[in-house]
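[1] Build me a structure from this.
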Amino acid sequence: MGQICAASLKCLLMGLSVLLLSATSGIAEESTDIYQQVLKPILRDRCFACHGALKQEAGLRLDTAMSMRQGGDSGGAVEPGNAGASLIVLRTESQDAATRMPPEGEPLKPAEIAALRDWIAAGAIAPAGEQGEEDPREHWAFRTPVRPPLPTDIDAGWVKTPVDAFISAGHRRQQLRTQTAADRLTWLRRVTLDLTGLAPGTADQAAFLADQSDQAFERVVDRLLASPQYGERWGRHWMDIWRYSDWWGLGAEVRNSQKHIWHWRDWVVESVNGDKGYDQMLREMLAADELYPTDMDRLRATGFLARQYFKFNRTSWLDETVQHTFKAMLGMTFNCAKCHDHKYDPITQAEYYGLRAFFEPYQIRTESAGGDLDFERDGIPRAFDCNLTAETWIHIRGDDRNPDRSRPIIPTVPAFLPGVLPPIEPVQLPPEAIQPGLRSEVLVAMKA
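    Predicted coordinates:
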């Protein structure tokens with residue numbers, strides 16, 4: 001009888017153990033789900049910018065449960081099983097704006113804090129092997145390009161260029177079959193539309209079909225690249241990126257962009273048709289007034305800066321200049337860094353205003369186009385340095401009414417850009433660049 005009771009008790013204890021383990025496993029799984037599906041997105045949106053891979057204010061990272069337990073300068077942020085004593089809960093629930101986290105924007109919602117409390121009370125459990133967020137500085141876009149070796153698993157009979165080799169290797173990996181070459185008229189239509197935006201005429205088609213030489217395709221491409229329509233087609237593409245826009249205002253009053261901004265449009269088209277390198281085009285758009293101060297042809301390029309003009313607010317004007325310059329040149333959004341360090345790109349707020357400092361001195365004026373002194377009829381809008389002593393300050397939380405005057409910001413570029421910024425030195429401009437009335441064609445027109 002005693003043996004039977006002992007065996008029954010053993011079975012009972014084993015059953016209770018299984019139930020307890022099952023319940024514990026269920027609680028752990030539920031806690032992990034709360035962490036992954038509810039808390040992690042909140043932390044990513046509201047906390048990682050200051051306590052993530054890119055930045056660790058007070059030495060604290062919040063992108064893994066382990067880093068929360070380890071904490072920072074003030075100790076652990078989380079005490080598993082004790083939500084009320086966990087620093088992260090105390091700071092998110094604080095009624096003091098000076099200590100509440102997150103410091104910007106609205107406080108966490110009660111339901112969000114409740115989820116945080118429940119997760120900590122259940123043991124602050126996270127998935128096994130949880131990894132922190134990747135450092136944005138290690139993203140391929142911010143690393144020095146390295147030429148990769150050409151793939152070898154390719155269709156050698158189809159590959160004619162290095163680019164083809166990568167395409168062919170991709171086809172092999174995806175088990176795709178390469179299409180056969182297009183017929184000649186289809187190819188002619190495609191390349192003509194691509195380079196000029198126009199369909200080939202009947203004479204062009206007949207001439208191409210009649211040319212059976214090995215250079216027939218090359219000759220078509222050369223002819224299209226040399227046509228004026230090429231610059232008009234692809235100049236428009238770049239003008240979309242660079243935000244070409246005619247002026248608007250009230251009556252004759254210019255409020256945005258500039259009158260006669262079409263001079264910049266013509267410069268873009270002519271530059272593309274003239275095979276001017278994009279690096280040189282950027283130099284002229286940003287600095288022709290200093291590099292070529294008396295060359296009116298090149299000064300048209302600073303219409304890029306003239307287009308950013310906004311009459312009513314200098315800060316809005318310079319914000320547009322900074323943000324759209326680097327959207328266009330780097331393909332990156334800098335807007336976030338106006339108010340705070342960028343949340344997911346390696347750009348600090350100080351670097352944003354360091355970029356603004358380059359543009360701080362500039363203003364816009366209209367100069368004579370070929371001696372015409374009637375600026376309502378014609379004129380070239382251009383950038384020039386108006387105030388070389390203009391200072392740049394960080395606007396606290398992006399508010400231009402609240403500048404941080406404790407330290408002026410000098411012109412600088414973000415740290416992720418390779419190379420060293422050369423020393424900034426004064427540029428000596430000739431008198432006619434400072435006083436355009438001294439230009440020879442203007443003097444002649446004034447005497448006429």
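[2] what's the spacing between the residue nearest the centre of the chain and Tyr344?
    Centroid check for the chain by C-alpha atoms, centre = their mean gives Met332 as the closest residue, at 0.8 Å. For Met332, the distance to Tyr344 (C-beta to C-beta, to the nearest Å) stands at 11 Å. (Glycine included, C-beta is placed from N, CA and C.)
[3] repeat for Lys327
    With C-beta to C-beta as the criterion, Lys327 and Tyr344 are 16 Å apart.
[4] Please apply the same query to Gln323.
    Separation of Gln323 from Tyr344 (C-beta to C-beta): 16 Å.
[5] ok, Gly379 - contacts?
    Gly379 sits next to 259-260, 366-369, 372 when contact means C-beta atoms under 8 Å, 6 or more residues apart in numbering.
[6] can you do 10 Å?
    Counting by C-beta atoms under 10 Å, 6 or more residues apart in numbering, Gly379 touches 258-260, 263, 365-369, 372-373.
[7] Reformat those as JSON lines; add secondary structure and pLDDT.
    Shown next, in JSON lines, are these (DSSP: H, G, I helix; E, B strand; the rest coil; pLDDT from 0 to 100):
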{"residue": "Gln258", "secondary structure": "coil", "pLDDT": "94"}
{"residue": "Lys259", "secondary structure": "coil", "pLDDT": "93"}
{"residue": "His260", "secondary structure": "coil", "pLDDT": "96"}
{"residue": "His263", "secondary structure": "helix", "pLDDT": "97"}
{"residue": "Arg365", "secondary structure": "strand", "pLDDT": "95"}
{"residue": "Thr366", "secondary structure": "strand", "pLDDT": "94"}
{"residue": "Glu367", "secondary structure": "strand", "pLDDT": "93"}
{"residue": "Ser368", "secondary structure": "coil", "pLDDT": "91"}
{"residue": "Ala369", "secondary structure": "strand", "pLDDT": "89"}
{"residue": "Asp372", "secondary structure": "strand", "pLDDT": "84"}
{"residue": "Leu373", "secondary structure": "coil", "pLDDT": "86"}
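[8] between these, which is closest to Arg439?
    Using C-beta to C-beta, Ser368 comes nearest to Arg439 of the contacts of Gly379, at 7.1 Å.
[9] That closest one is in contact with Leu438, isn't it?
    No. Taking contacts as C-beta atoms under 10 Å, Ser368 lies outside contact range of Leu438: 11.4 Å.
[10] more neighbours, the two?
    Between Ser368 and Leu438, Ser368 has the larger neighbour count (other C-beta atoms under 10 Å), namely 20 against 12.
[11] So which bits of stretch 420-434 are buried?
    Ala433 (16 or more other C-beta atoms under 10 Å).
[12] whoops, I mixed them up, stretch 42-51
    The neighbour-count check on stretch 42-51 (16+ other C-beta under 10 Å) flags 42-44, 46-51 as buried.
[13] These into CSV, with extra columns for distance to Leu185 and pLDDT?
    As requested, these are exported to CSV (distance: C-beta to C-beta, whole Å; pLDDT from 0 to 100):
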residue, distance to Leu185, pLDDT
Ile42, 58, 89
Leu43, 58, 89
Arg44, 53, 87
Arg46, 58, 88
Cys47, 60, 89
Phe48, 55, 85
Ala49, 55, 81
Cys50, 60, 86
His51, 61, 90
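[14] Take the residues you listed and keep only those in strands.
    If you go by DSSP state E, these have nothing in strands.
[15] what's the most distant pair in those residues?
    Among the buried residues of stretch 42-51, the pair separated by the greatest distance (C-beta to C-beta) is Ile42 and Cys50, at 14.1 Å.
[16] any low-confidence regions in the chain?
    The chain contains residues with pLDDT under 70 at 1-31.
[17] can you list the domains in it?
    Domains of the chain are assigned by automatic domain parsing as 28-133, 162-228, 240-421.
[18] can these go into CSV with extra columns for distance to Asp153?
    CSV is the format used below for the domains of the chain (distance: least, C-beta to C-beta, whole Å):
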stretch, distance to Asp153
domain 28-133, 31
domain 162-228, 5
domain 240-421, 31
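[19] Just tell me which of those domains ends up closest to Ala141.
    Checking the domains of the chain against Ala141 by C-beta to C-beta gives domain 240-421 as the closest, at 8.3 Å.
[20] if we can go back for a sec, quick one: the residue nearest to the centre of the chain from Pro136, how far?
    Using C-beta to C-beta, Met332 is found at 11 Å from Pro136.
[21] now the strands: where do they sit in the chain?
    Shown for the chain, the strands assigned by DSSP E span residues 248-250, 253-256, 362-367, 380-385, 392-395, 403-409.
[22] okay, these in a markdown table with mean neighbour count next?
    What follows is the strands of the chain, written out as a markdown table (neighbours: other C-beta atoms under 10 Å):
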| stretch | mean neighbour count |
| --- | --- |
| strand 248-250 | 10 |
| strand 253-256 | 14 |
| strand 362-367 | 18 |
| strand 380-385 | 24 |
| strand 392-395 | 20 |
| strand 403-409 | 13 |
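[23] Tell me which of the ones you listed approaches Arg300 most closely.
    strand 380-385 (5.9 Å).
[24] Quick one: list the elements packing against the closest one.
    If contacts are counted by 3 or more C-beta pairs under 10 Å, 6 or more residues apart in numbering; DSSP states H and E, strand 380-385 sits against helix 262-273, helix 278-291, helix 296-299, helix 303-306, strand 362-367, helix 431-434.
[25] right, and those - which one's nearest Thr348?
    Closest of the helices and strands packed on strand 380-385 to Thr348 is helix 278-291, at 22.0 Å (criterion: C-beta to C-beta).
[26] relative to strand 362-367, how tilted is the closest one?
    Orientation check (axes from the mean of the first three to the mean of the last three C-alpha atoms, to 10 degrees): helix 278-291 against strand 362-367 gives 80 degrees.
[27] Would you mind writing the CA trace of helix 278-291 as CSV?
    Coordinates of each C-alpha in helix 278-291 appear next as CSV, following Å, rounded to 0.1, in the frame of the first residue of the first chain:
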residue,chain,number,x,y,z
TYR,A,278,28.4,66.0,-63.2
ASP,A,279,31.1,66.9,-60.7
GLN,A,280,31.8,70.1,-62.6
MET,A,281,28.1,70.8,-62.9
LEU,A,282,27.8,70.6,-59.1
ARG,A,283,30.8,72.9,-58.6
GLU,A,284,29.2,75.5,-60.8
MET,A,285,25.8,75.2,-59.2
LEU,A,286,27.1,75.6,-55.7
ALA,A,287,30.1,77.9,-56.1
ALA,A,288,30.4,79.5,-59.6
ASP,A,289,30.2,82.9,-57.9
GLU,A,290,33.5,82.2,-56.2
LEU,A,291,35.2,79.9,-58.8
